[in-house]
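J.: Please work out how this folds:
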Amino acid sequence: MLRILDARTNKPKVAAPARRALTRVEAHAPRFDPTALRVLLVADVLIRALEVGGTPVWPVLTGGEQVAELRAAAAALGIRPFEDRGDVGPEFAGAQLIEVVSRDEGTTDGIRLAVAPADSPTASPADSATATATATAPGDIDPATLRLALLTRPRSETVRLTPETLADAGSELAHWRHSVAVWAERPSRPVPEAVRQDLRAAWEDDLDVPAVLDVLRRVETLDGVPDGARFETYAYADRILGLELTREIGSLT
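T.: Below you'll find the model as predicted:
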């Protein structure tokens, strides 16, 4: 059962209502900067976790400045589309509400999921967000690298998007994608039940994505786990992470 810490009360709350009724996840992004992208990313991971648990979700965006640019950068990061806040109708008034906000932003309704800032010390906030999230030319950063860099730290901690941080994330992402491509050529095996439980325990404990990543690092070298099971484990976890870990399948020569 997914529980998240409500920043308004500082108490854990069940994210999925009884009988798996509709949950509205509302991301607040008043400006276009790396922190806003991190807010949308946390909301995206929350939505993925709810959907894996069978809860229907309605994603909504409350934006401010440069909403079109924010949406484009979010799409480059693999964040699925959010509807505009203005489209909220009375038929959704009874849905459970989870608001995902910057730690410095206030809210009035629902469960509040607070996200610490993200920043780049080498560029203005908008330039940093645009350059890292939308780069696609050869030699430029893979947007999934930025996604992993933002996911590696707990959402309660500030993330600094330094060249070193991005380089580490890019190296780990490339390594995992290559490993998954190798494991995909082995006979498939189910995710070990203990590993599945560890993964779910991690993301259901206040959406602890760094703990999910730690489980993957452990599974990579865990004795007794067939390569086919490693593949299925990484593919399963990627339903939450959204890192396209299976992208290199079939590319090995």
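J.: contacts and neighbour counts: CA atoms only from here.
T.: Will do.
J.: For Arg103, list the residues it contacts.
T.: Residues near Arg103 by CA atoms under 8 Å, 6 or more residues apart in numbering: 114-117.
J.: same thing with Ala116?
T.: Contacts of Ala116 (CA under 8 Å, 6+ apart): 35, 102-103, 155-159.
J.: rerun at 6 Å
T.: Counting by CA atoms under 6 Å, 6 or more residues apart in numbering, Ala116 touches 103, 155-158.
J.: go on, Ser188?
T.: Counting by CA under 6 Å, 6+ apart, Ser188 has contacts Gly228.
J.: I'd assumed Arg177 was in contact with Leu245.
T.: Yes - using CA atoms under 6 Å, Leu245 makes contact with Arg177 at a distance of 5.0 Å.
J.: Out of the contacts of Arg103, flag the one nearest to Leu70.
T.: Pro117 (15.8 Å; CA to CA).
J.: That closest one and Ile141, how far apart?
T.: According to CA to CA, to the nearest Å, Pro117 stands 21 Å off from Ile141.
J.: Neighbour count: those two, which is higher?
T.: Pro117 (21 against 18; other CA atoms under 10 Å).
J.: Distance of that one relative to Arg155?
T.: 9 Å.
J.: ok so, going back, drop anything exposed from the contacts of Ala116.
T.: 103, 155, 158 (16 or more other CA atoms under 10 Å).
J.: Now name the helix or strand holding the second one.
T.: Looking back up the chat, that one is Arg155. For Arg155, there is no helix or strand it lies in under DSSP states H and E.
J.: mind listing what it touches?
T.: By CA under 6 Å, 6+ apart, the contact set of Arg155 is 115-116.
J.: what's the next secondary structure element after the longest helix anywhere in the chain?
T.: Counting by DSSP state H, the longest helix found in the chain is helix 163-183. Helices and strands here follow DSSP H and E; after helix 163-183, the next one along the chain is helix 193-204.
J.: In that following helix, which residues are buried?
T.: Quick answer for helix 193-204 (16+ other CA under 10 Å): 195-196, 199-204.
J.: right, and the helix or strand after the lowest-mean-pLDDT helix or strand in the chain?
T.: Across the helices and strands of the chain, mean confidence by mean pLDDT, DSSP states H and E is lowest for helix 125-134: a mean of 50. The first helix or strand that comes after helix 125-134 along the chain, using DSSP H and E, is helix 143-152.
J.: Thank you, goodbye.
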